[in-house]
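Asks: After the sequence you'll find the predicted model.
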Amino acid sequence: ETVTDVKARARNRNNESQICRFLDHAEKCRRFDLATAIRDASIDFRSIDPVVGIICDHDNDADDNDDNDLENLRDTPTHRLDTTAALLSTISPVKQLAGMPQRAADYFSLAHMLNQGSYPHAPSPHCTFVGAQTALHLNSRPSYSRMKIDVVATKLKLPDLGVVLSDYLAMCAPDHCCIIGPAGNLPFNTLEVWEKLRVQNRAYHAPHEILPAQTINAISPSTSWPCGCADTVLVNTNSDAIWPRSGMTGMKIICTSYSILIHAKGIKLCNCFESFLSYTQKFEIIPQINEKLSGSSRQKGPYPHFASSMFVLQQVRHPNQNIAVEIIPLKQVRALVELVPVFGEAADRRLTKETSLEYSRQFWLDKYFDKELYYALTV
């Protein structure tokens, strides 16, 4: 598979030399990984003392202190490594050094087979599906199963959950084909909620290559995470824009909190109402002056910062300074991204790894988070 992959990338030109360089580089990386793992485990293969049965280093010109060191070693608890299996179980390399590598999940193929009816007994709606060029996967069992809306709102500290669900239903339902009762009462009363979502994309320069899936987490407020923990993602709001080729065109940044499945009893929701939704917090791009892109030294626009070439973002807030939230279809999620707080001249003393999203006001969109994101936001 490695040779085939190299040949595909080389487009069948100069295969032999490129394969040799690739294998040589891979072998050097493997040996370096093995050597550093052995060193981290404090294993020394230079010699084995036959008396104490441990690995040590002898020097013919050693002084008398070496004898004292050897005596001390006799009292030290030790273990012998007699087999390769024992060695591999002792060290912690970065990559797997032996055995068959774990096969990466292919959610594109799984979603296709589900749509083709290959698994007729799979629960509906399917928890693996494709939105444009992105595959999304939820566990078959939700984190919170069939809970009342008010119970979910209280447990996850989402006091406006019912309101934003009502707003979304009113917005997406043409001619009010879904009935909303008085005071915004919803035609459903139970939800299922997931705290994890898997997102899988294809490589930017090799669309046939499926990338490893990324996990998007959402953790409710707790002692460890007083403000909760939710990853930030790119979502597609323009059906004409195809990620990753479109870059930031037609995209926006959101902080995704929870994936939601609605259960409606006795009422059939219209087709425009997606089964899986996401409760999110909105971000917006802060306009920047970028003469290279705009051709003007004064005009501000949705451009990246001229020095860092990264977009600067801020949370969307209401006039009362509450964070703006919305419901979006889960199919619009495209990729996991990283936001880095802009500290300015002085950083907020309340900032920690658990509260950086809560107390920061501006963020860098880190396009160096991984190479695929870099290609999408740069090329």
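Replies: Cool, the structure landed.
Asks: Contact partners for residue 316?
Replies: Applying C-beta atoms under 8 Å, 6 or more residues apart in numbering, one finds that residue 316 lies in contact with 281-284, 323-324. The way it works is simple: take the backbone N, C-alpha and C, and place the C-beta from them, glycine included.
Asks: just the residues you listed: which has the poorest pLDDT?
Replies: Taken together, the contacts of residue 316 show their lowest pLDDT at residue 323, with 83.
Asks: Spit out the contact partners of that residue.
Replies: Going by C-beta under 8 Å, 6+ apart, residue 323 touches 281-282, 315-317.
Asks: low pLDDT regions in the protein?
Replies: Counting by pLDDT under 70, the chain has low-confidence residues at 1-14, 44-80, 97-103, 173-185, 256-257, 262-274, 379.
Asks: For residue 343, state which of the contacts of residue 316 is nearest.
Replies: Proximity of the contacts of residue 316 to residue 343 (C-beta to C-beta) peaks at residue 283, which lies at 17.6 Å.
Asks: The closest one is in what secondary structure piece?
Replies: In this assignment (DSSP states H and E), residue 283 forms part of strand 276-285.
Asks: Run through the residues that contact residue 363.
Replies: By C-beta under 8 Å, 6+ apart, residue 363 lies in contact with 283, 312-314, 339-342.
Asks: whoops, I mixed them up, residue 368
Replies: Taking C-beta under 8 Å, 6+ apart, we find residue 368 in contact with residue 374.
Asks: Quick one: buried ones out of the contacts of residue 363?
Replies: 283, 312-313, 339, 341-342 (16 or more other C-beta atoms under 10 Å).
Asks: closest to residue 83 among these?
Replies: After measuring the buried ones among the contacts of residue 363 against residue 83 - C-beta to C-beta - the closest member comes out as residue 339, at 47.2 Å.
Asks: ok, the closest residue to that closest one other than its chain neighbours to residue 206 distance?
Replies: Among residues not flanking residue 339 along the chain, residue 363 sits closest, at 4.0 Å (C-beta to C-beta, 6 or more residues apart in numbering). Distance, residue 363 to residue 206, using C-beta to C-beta, to the nearest Å: 31 Å.
Asks: Could you do residue 20 as well?
Replies: With C-beta to C-beta as the criterion, residue 20 and residue 206 are 21 Å apart.
Asks: What does residue 252 show for phi and psi?
Replies: The phi/psi pair for residue 252 (degrees, to the nearest 10) reads phi -150, psi 160.
Asks: Quick check: it touching residue 282?
Replies: Yes. If you go by C-beta atoms under 8 Å, residue 252 and residue 282 touch, sitting 7.4 Å apart.
Asks: Which one of these two is surrounded by more residues?
Replies: Shown here are residue 252 and residue 282; by other C-beta atoms under 10 Å, residue 252 has more neighbours (20 against 17).
Asks: need the contact list for the more buried one.
Replies: By C-beta under 8 Å, 6+ apart, the neighbours of residue 252 are 234-235, 237, 282-284.
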